[in-house]
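J.: could you work out the structure for the sequence below:
(one chain, ligands or ions: 2)
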Amino acid sequence: MAMSRLVCVGDYEQYAEHNLPNAVRQYFNSGANYEQTYADNVAAFKRYRFRPRYMRDMSERNLTTSLLGHDVTSPIGVSPMSMCRLAHPDGEVALAKACESEGSCFCLSMAATSSVEEVGQAAPGCTRWFQVHVLKDRDMMRRMVQRAQRAGFTALVLTVDCAVHGKRYKDLRNQFSLPPHLKLSNFEEELKRAKSVVATGQSKEEWGRFVNQAFSPAHTWQDIQWLKSVSHLPVVAKGVVTAWDALEAVQHGADAVWVSNHGGRELDCLPATIDALTEVCQAVGDKTEVYLDGGVRSGLDILKALSRGARAVYCGRPALWGLAKDGEAGTSDVLQILKEELSVGMALAGVKDVQHVPTELVVHQSFYSAL
Ligand SMILES: Cc1cc2nc3c(=O)[nH]c(=O)nc-3n(C[C@H](O)[C@H](O)[C@H](O)COP(=O)(O)O)c2cc1C
Ligand SMILES: CCCCCCC(=O)C(=O)O
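T.: Ligands and ions are numbered 1, 2, ... in the order given. Model prediction:
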C-alpha cells in the first residue's frame, strides 16, 4: 500500500499491516488466547490524563538518563524480540545500529536471528543488554551468557513470564515456524559445539520440538543468583506485573525490575502494564530501577509511564514496524518520532527532565468521574 510520509507509530503499524507476509504479520501483531491483554496494553494508556503545569520556561528539556549506571541520551529502548530478520534482512543488527544512533538501549533476544557477536561488532557504541530464558541445558545457557558478556553486553534480562510458550491462536492456525533461510543465531553457535542439543529445526515438527525442548519451565527466582554466579553482569527481571514478584525479584538479587506482560503473548488477562506499574514501583521503592514495556505507541505514552515511576520505557512492535519499512533507517525514524513526541509532550506539560517527571502529572481518568 502506498502511503504518504509516515509521521507517527500508527502510520508504521499500518505500513507493516499491509506489507508483511500474513504469517509474519500475525506472529508479530498478535497475543495469546483471545488477546485481551494485547489489546488492553494499548487501550489502558488512553485512560490516563495529564494535569500540566503551564508558564514555565520550557526552552530546554533533558532527555538523557542512566540505566544501571550507563548513560543513555534517550529514555526509550527497544525490547527483546525473537526472529527480527523476519521483518527485514538486517534484523537485530539494524535495530542495534538504530539504537546506537538514537542513544537508546537495545535488548537482544536470546531467540534472535543475529548473534551476540554480530550485534556487538555492528553497534559497538550501543548500550546493549542480553535477554535470557532459562534453558534445560545449563552449560549452553552459561556459554551464551558469557559470550554476551565478551561481546560487550552490559546487563542480562531474565524473562520471568514465559515458563512455557503462550497459546497464540494465529500462530497455531498458521503453523508458524522459522523459515529455512533464517537461524536462531545464538543457538546455532552452540549447535556447533554441543551435539546433544536439539537442532533449531526447519520442518514444523522439528521447530515445535526445539521450542519445547530448549526452554526450561523449571525456572525459579534462584536463577537470578545462578546468572550472577556465571557472569559479573547485573540482572533485570522482565515480566513482573505484581508487587509480590517485584519483591521476590529484588530479594533474590535482581538489580532492576521490568514491568511487562510480554506484549500480551504469554498469559492472557494480565493487567495492562501501565496499570500494573504503580503497584510495582511502590513495592520496590525508589532504590531499584523500574522499566516498562507493552502498548507504548506514542511519546505521550512514554511521558505517562515516566510519570508513574518508570525510569525508562521500551517498545517492541513499533521498532519492528520501523524495521519492516526501512531497516535501520525505519527503526531510527520510529525512535526519533517517539523522542520528539516525548520532548514536545514535556514542553506542553511543563516537564524539563525525564529523570524528574512528577507523579501528579498524570491521573487515571476515573479521577475526573469521581469529582
Ligand atoms: C515478535 C515478538 C517477539 C518477542 N520475543 C521476545 C523474546 O524473545 N523474549 C522476551 O522476553 N520478550 C519477547 N517479546 C516481548 C517483548 O520483549 C515486549 O515485552 C513486548 O513486545 C512489548 O510490547 P509492545 O510490542 O506492545 O511494545 C516479543 C514480542 C514480540 C512482538
Ligand atoms: C524459539 C522460540 C521462541 C522463543 C520465545 C520468543 C518469544 O518470547 C515470543 O514472544 O515470541
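J.: now do the buried residues in stretch 250-270.
T.: Using 16 or more other C-beta atoms under 10 Å as the test for burial, stretch 250-270 gives 250, 252, 254-268, 270. Placement of C-beta: from N, CA and C, glycine included.
J.: how far away is the residue positioned nearest the centre of the chain from P271?
T.: Per C-alpha atoms, centre = their mean, the C-alpha nearest to the average position across the chain is that of S79, at 1.9 Å. The gap separating S79 from P271 is 18 Å, by C-beta to C-beta, to the nearest Å.
J.: what about L300, which SS state?
T.: What DSSP: H, G, I helix; E, B strand; the rest coil gives for L300 is helix.
J.: show me the contacts for it.
T.: 45, 50, 341-342, 345 (C-beta atoms under 8 Å, 6 or more residues apart in numbering).
J.: let's see it at 7 Å
T.: Contacts for L300 (C-beta atoms under 7 Å, 6 or more residues apart in numbering) come out as 341, 345.
J.: repeat for the one 10 residues further on
T.: Going by C-beta under 7 Å, 6+ apart, A310 touches 277, 290-292.
J.: how about the residues you listed, which pair is most distant?
T.: Maximum pairwise distance in these, criterion C-beta to C-beta, is 9.8 Å, between L277 and Y291.
J.: quick one, which of those two is more surrounded?
T.: Taking other C-beta atoms under 10 Å, L277 and Y291 do not tie; Y291 has more neighbours (26 against 23).
J.: ok, so of the contacts of A310, who is nearest E190?
T.: Y291 (28.3 Å).
J.: in helices only, show me the contacts of A310.
T.: L277 (DSSP state H).
J.: give me the neighbour count for P89.
T.: Neighbours of P89 (other C-beta under 10 Å): 12.
J.: spatially nearest residue to it (excluding sequence neighbours)?
T.: G327 (7.7 Å; C-beta to C-beta, 6 or more residues apart in numbering).
J.: does that neighbour touch D90 like I think?
T.: Yes: the criterion here is C-beta atoms under 7 Å, and G327 meets it with D90 at 4.8 Å.
J.: looks to me like D11 is in a helix.
T.: Yes: assignment of D11 by three-state DSSP places it within a helix.
J.: for it, report the pLDDT, please.
T.: On pLDDT, D11 comes in at 98.
J.: does the residue nearest to the centre of the chain touch L108 like I think?
T.: No: assessed by C-beta under 7 Å, S79 is found out of contact with L108, at 10.3 Å.
J.: got any residues that touch both of L277 and Y291?
T.: Counting by C-beta under 7 Å, 6+ apart, the residues touching both L277 and Y291 are 259, 310.
J.: looking at the contacts of A310, which is nearest ligand 1?
T.: L292 (9.2 Å; C-beta to the nearest ligand atom).
J.: so what pairs up with that closest one in the strands?
T.: Residues in a beta bridge with L292, per DSSP bridges, are V259, V313.
J.: when you give positions from now on, start the count at 862
T.: Happy to do that; since the first residue is 862 now, the last one works out to L1153.
J.: burial of it, as a residue count?
T.: 28.
J.: ok so, going back, and the residue nearest to P950, that one's in a helix?
T.: Yes: the assignment for G1188 (three-state DSSP) places it in a helix.
J.: for it, give me its contacts.
T.: Taking C-beta under 7 Å, 6+ apart, one finds 949, 951, 955 in contact with G1188.
J.: which of those lies closest to H931?
T.: Using C-beta to C-beta, the contacts of G1188 come closest to H931 at A955, 21.6 Å.
J.: so how far is S1227 from the closest residue to the closest one other than its chain neighbours?
T.: Nearest non-adjacent residue to A955, counting by C-beta to C-beta, 6+ apart: E1189, 4.0 Å away. To S1227, E1189 is 42 Å away according to C-beta to C-beta.
J.: contact residues of the stretch 1112-1232 of the chain facing ligand 1?
T.: Contact residues (C-beta under 6 Å from any ligand atom) of the stretch 1112-1232 of the chain with ligand 1: 1121, 1123-1124, 1126, 1154-1157, 1176-1178.
J.: at 8 Å what do you get?
T.: Contact residues (C-beta under 8 Å from any ligand atom) of the stretch 1112-1232 of the chain with ligand 1: 1121-1126, 1134, 1154-1158, 1175-1181.
J.: just the ones in helices from these, please.
T.: 1134, 1178-1181.
J.: dump the residues you listed to CSV, plus distance to ligand 2 and pLDDT.
T.: Below are those laid out as CSV (distance: C-beta to the nearest ligand atom, whole Å; pLDDT from 0 to 100):
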residue, distance to ligand 2, pLDDT
T1134, 15, 99
R1178, 11, 99
P1179, 16, 99
A1180, 14, 99
L1181, 11, 98
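J.: determine which two of these are furthest apart.
T.: Largest pairwise distance in those, by C-beta to C-beta, is 17.7 Å, between T1134 and L1181.
J.: could you list every residue that touches the closest residue to ligand 1 within the chain?
T.: As assessed by C-beta to the nearest ligand atom, ligand 1 sits closest to G1177 within the chain, at 2.4 Å. The contact partners of G1177, taken as C-beta under 7 Å, 6+ apart, are 940, 942, 1124, 1154.
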